[in-house]
Every structure is written in structure tokens, then in C-alpha cells.
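# Here is my input, please return the structure:
(chains A and B)
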Amino acid sequence: GDSVTQMEGPVTLSEEAFLTINCTYTATGYPSLFWYVQYPGEGLQLLLKATKADDKGSNKGFEATYRKETTSFHLEKGSVQVSDSAVYFCALNTGANSKLTFGKGITLSVRP
Amino acid sequence: DTEVTQTPKHLVMGMTNKKSLKCEQHMGHRAMYWYKQKAKKPPELMFVYSYEKLSINESVPSRFSPECPNSSLLNLHLHALQPEDSALYLCASSQGGGAGVSETQYFGPGTRLLVL
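Alright, predicted model coming up:
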């Protein structure tokens, strides 16, 4: 079945550090890929998405590139801020049964 | 605008109570979803409505009863819940009927439910 694997957390970084959060997937067909962010006490917000191979999604300084050859969608940001502290979920959609398949999520803490 | 609203924000209920959660979107989306999220876990799909008809029920206990009165509104009726049902309940919507591979789901802020 479809699955998403995220790197183990939590991750703690200092402000202005470089961020990489790994995400790999297994899916039948050609899924769309998403990163969602959940700030403390809130719902999920779409951070970025990519719908085909080599697409790059970007938003708020975050980027991720859909790599079909490595089945990956790693999230990167060049300089994190304290306000980026949140839980980040990688997810895929194959169009089957309307389902989003989520990774386990990873907690990012950024210290001043 | 990609806003999904949910009320109430917080809800405390006893095991014999009946309550309802409400979700609204005015983006013209034709698929709406209920998810349950426990602490430090990803959301788990409960129900999907496509064009106002229930299309998916992920084997959810009957004490949870969804309703879609119109294309903008989604309710979740709660009755005789158990303490283990305490969680964040998230509503989401997407533009098409939910089956498109590139469909993006937009989430509301959630209702935090505590069952005593």
C-alpha cells in the first residue's frame, strides 16, 4: 500500500540555521506530494505541494522538489526562525479513495 | 481565500451527552472530510462527503454520525462518546469530488474535544 516515511524527530535548531526534513514515499501510480505544517494548538496548514516529477513547491522560504527517481520530497529552508517551530507532516495523494496518506510528522523547535 | 471554519473551538462533554461539531467552507469545494487527530500523531480519516453524499466511512463507530446539509456545511453529531474519543477533530475540504490525484485538502483549525 501507499506509505510516507519521515525522518525521526524531534529536531532542534538555532535561529538562522539550515533546515532539511527528509521524506520518502511508496505509492502506486504518480502521486501528488504535500507538506503540511501544524503550529501549536492549531489545525493543519498547507505549506507547499508538487504534482509531478521535478516540480518544486515553495512557500514562506520553504522548498521541496518532487524526486521520482529517489521517491523523495525533502523539505528545506535556508534560515529558520523561531516562528517556524511546529510539527511538519509530509503527505501524498494518489487519487484513490480521496485519501491523503500522512507521514508520522516531525516536531521542529527553533531556539533564539 | 482558502478558509475552512470550525465551531466550537473547544468542547467538553460527558459520556451521556449529545453534541455536534460544525464545519463550513465557502470556496465552492465539493468534497468535505472529517479527521480525528490524537496528540503527536497524524490525522486519521473518518468520513468523506463527495457532492453532498457520503462516499467513505472508515469503519467509524456509530456514536459518530456525519451529516452534510448542503455543499458548504458539514456536521459531526456525537452521542455516547468514550474518553478515548478525546482528540482534535479536523474538517477539510477540496475542490473536486475528492478523487483527483492533484486535489489539495484545506483544513480548518479543529475542535478540541474532551470526553469526561
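
# What is the neighbour count of the residue lying closest to residue A:26 once chain neighbours are set aside?
The shortest distance from residue A:26 to any residue other than its chain neighbours is 4.8 Å, reached at residue A:3 (C-beta to C-beta, 6 or more residues apart in numbering or on different chains). No exception for glycine: its C-beta is placed from N, CA and C like everyone else's. Using other C-beta atoms under 10 Å in any protein chain shown, residue A:3 has 12 neighbouring residues.

# Test my guess that residue A:3 contacts residue A:104.
No. In this structure, residue A:3 is not within contact of residue A:104 by C-beta atoms under 8 Å, at 10.5 Å.

# Report the contact partners of the residue nearest to residue A:26.
Contacts here follow C-beta atoms under 8 Å, 6 or more residues apart in numbering or on different chains; on that basis residue A:3 touches A:25, A:26, A:27, A:101.

# State the distance from it to residue A:25.
As judged by C-beta to C-beta, to the nearest Å, residue A:3 and residue A:25 stand 7 Å apart.

# Quickly list what's touching both of those two.
Counting by C-beta under 8 Å, 6+ apart, the contacts common to residue A:3 and residue A:25 are residue A:101.

# Out of the contacts of residue A:3, which sit inside strands?
A:25, A:26, A:101 (DSSP state E).

# Run a quick neighbour tally on the second one.
Just to be clear, that refers to residue A:26. Applying other C-beta under 10 Å, we find 13 residues neighbouring residue A:26.

# Stretch A:53-61: end-to-end distance?
The first residue of stretch A:53-61 is 21 Å away from its last residue (C-alpha to C-alpha, to the nearest Å).

# In stretch A:62-75, which residues are buried?
Of the residues in stretch A:62-75, A:62, A:63, A:64, A:65, A:66, A:67, A:71, A:72, A:73, A:74, A:75 count as buried by neighbour count, 16 or more other C-beta atoms under 10 Å in any protein chain shown.

# can you pull the buried residues of the lowest-mean-pLDDT helix or strand in chain B?
Taking all helices and strands of chain B together, the one with the lowest average confidence (mean pLDDT, DSSP states H and E) is strand B:53-57, at a mean of 92. If you call a residue buried by 16+ other C-beta under 10 Å, then strand B:53-57 has these buried ones: residue B:56.

# The helix or strand that it is followed by vs chain A: in contact?
The helix or strand immediately downstream of strand B:53-57 is strand B:64-70, counting by DSSP states H and E. No. In this structure, strand B:64-70 remains apart from chain A according to C-beta under 8 Å from any C-beta of the partner chain; the gap is never smaller than 14.0 Å.

# returning to that earlier point: same for the least confident helix or strand of chain B, what does it pack against?
Helices and strands touching strand B:53-57, by 3 or more C-beta pairs under 8 Å, 6 or more residues apart in numbering or on different chains; DSSP states H and E, are strand B:44-50, strand B:64-70.

# most packed of those?
The highest mean neighbour count among the helices and strands packed on strand B:53-57, using mean count of other C-beta atoms under 10 Å in any protein chain shown, belongs to strand B:44-50: a mean of 21.

# No further questions, thank you.
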